[in-house]
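Chemist: Okay, structure incoming, though there's no sequence with it:
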């Protein structure tokens, strides 16, 4: 849900500039609602395989944006005021927000679980190879885009640096268009596993609470990739998907700051899914590995990250309430 909210906020940043490029003035709210309406038929299918022909758009958009940002960086840097400093590194309170944003950057890609279900032979080795290669590729592009984007605007960089560029920049408008299309495809990719997980959770809870019914009865516990959903599950999945769209649409309209949303969600839900749960599973399931020195190092690292991230969330909340005034933004 947090990922979808972030996507809709970004669409609200990109689309008004694209409409302005062709001489049409529309509001951010209108663009977000338009995207949500267009996304409705895309979130209805049960399987992600129906989107296999459009998912390469996301990768292509990321590559294209990185290249365009890198091309524009030298020219943008030349016209910056000379008194703007270049901060090669920043330490202090802003690192808290940076940590939570980093967590969100990787928890954002929840489609790795359904992708594993789509693999012909999803062995642990193959799943690890796919996950590692994707994460490494993402890191490379994140660094390239982040560094070149910052050097283009330095201290004047917006939360979404694409909004720093003018509406008549042809190259950047092509980036906006490609990113808008990529995000449109990403909405169902993230909605699908969320809705299916909710359906499976509800079905399992019903089976566990039903009296006189064995837990392995009706559904025979087939893997989700091999079992077709019932009519009731289909209705429930579609209802949950539409409810997710409505909730995320509302949040995206009310909260325009992408970095604020990303950092808060990354420090809370992102930490839980990316750090805390894996730490617990590792300690409980892989006891032999966890008892070794390397395993203990992994566990304590994840514990420390969890504590720091949750502390960052508390600081963000108290800042928003006016209780504290900790400077989390980079000057």
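Modeler: Thanks, I have it. Remember, it's a predicted structure, so these values are computed and weren't measured experimentally.
Chemist: burial measure for the closest residue to residue 155 other than its chain neighbours, as a count.
Modeler: Taking C-beta to C-beta, 6 or more residues apart in numbering as the measure, residue 155 lies nearest to residue 84, with 5.3 Å between them; neighbours along the chain are not counted. Glycine gets a C-beta too; all of them are placed from N, C-alpha and C. Neighbours of residue 84 under the rule other C-beta atoms under 10 Å: 12.
Chemist: Helix, strand or coil: sort out residue 84 for me.
Modeler: The three-state label for residue 84, taken from DSSP: H, G, I helix; E, B strand; the rest coil, comes out as coil.
Chemist: residues in contact with it?
Modeler: Listed by C-beta atoms under 8 Å, 6 or more residues apart in numbering, the contact set of residue 84 reads 154-156.
Chemist: of all the residues you listed, which comes closest to residue 139?
Modeler: For the contacts of residue 84, the minimum distance to residue 139 (C-beta to C-beta) is 22.9 Å, reached by residue 154.
Chemist: gap between the closest one and residue 35?
Modeler: Here the criterion is C-beta to C-beta, to the nearest Å. By it, residue 154 lies 31 Å from residue 35.
Chemist: When these two are compared, which one has more neighbours?
Modeler: Under the neighbour definition other C-beta under 10 Å, residue 154 and residue 35 were set side by side, and residue 35 has more, 23 against 15.
Chemist: Identify the residues contacting the more buried one.
Modeler: 8, 11, 15, 183-184, 187.
Chemist: Is it within a helix or a strand, and which one?
Modeler: helix 28-39 (DSSP states H and E).
Chemist: Check which residues of that helix are buried.
Modeler: 28, 31-33, 35-36, 39 (16 or more other C-beta atoms under 10 Å).
Chemist: Reformat those as TSV; add distance to residue 179 and pLDDT.
Modeler: Written out in TSV, the entries for the buried residues of helix 28-39 read as follows (distance: C-beta to C-beta, whole Å; pLDDT from 0 to 100):
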residue	distance to residue 179	pLDDT
28	16	94
31	13	95
32	15	95
33	19	95
35	12	94
36	17	92
39	15	89
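Chemist: okay, and for the stretch 101-250 of the chain, where does confidence drop off?
Modeler: Counting by pLDDT under 70, the stretch 101-250 of the chain contains low-confidence ranges at 108-114, 116-117, 210-228.
Chemist: at 80 what do you get?
Modeler: Counting by pLDDT under 80, the low-confidence segments of the stretch 101-250 of the chain come to 107-122, 124, 127, 131, 189, 193, 204, 206-229.
Chemist: And the helices in the protein?
Modeler: Assignment of helices within the chain using DSSP state H yields the ranges 2-21, 28-39, 56-78, 94-107, 112-118, 124-153, 170-209, 231-254, 258-265, 271, 277-285, 287-291, 293-321.
Chemist: what angle separates the longest one from helix 28-39?
Modeler: Between helix 170-209 and helix 28-39, the angle comes out at 60 degrees (axes from the mean of the first three to the mean of the last three C-alpha atoms, to 10 degrees).
Chemist: Check the last one too.
Modeler: Inter-element angle recorded for helix 293-321 and helix 28-39: 130 degrees (by the same axes, to 10 degrees).
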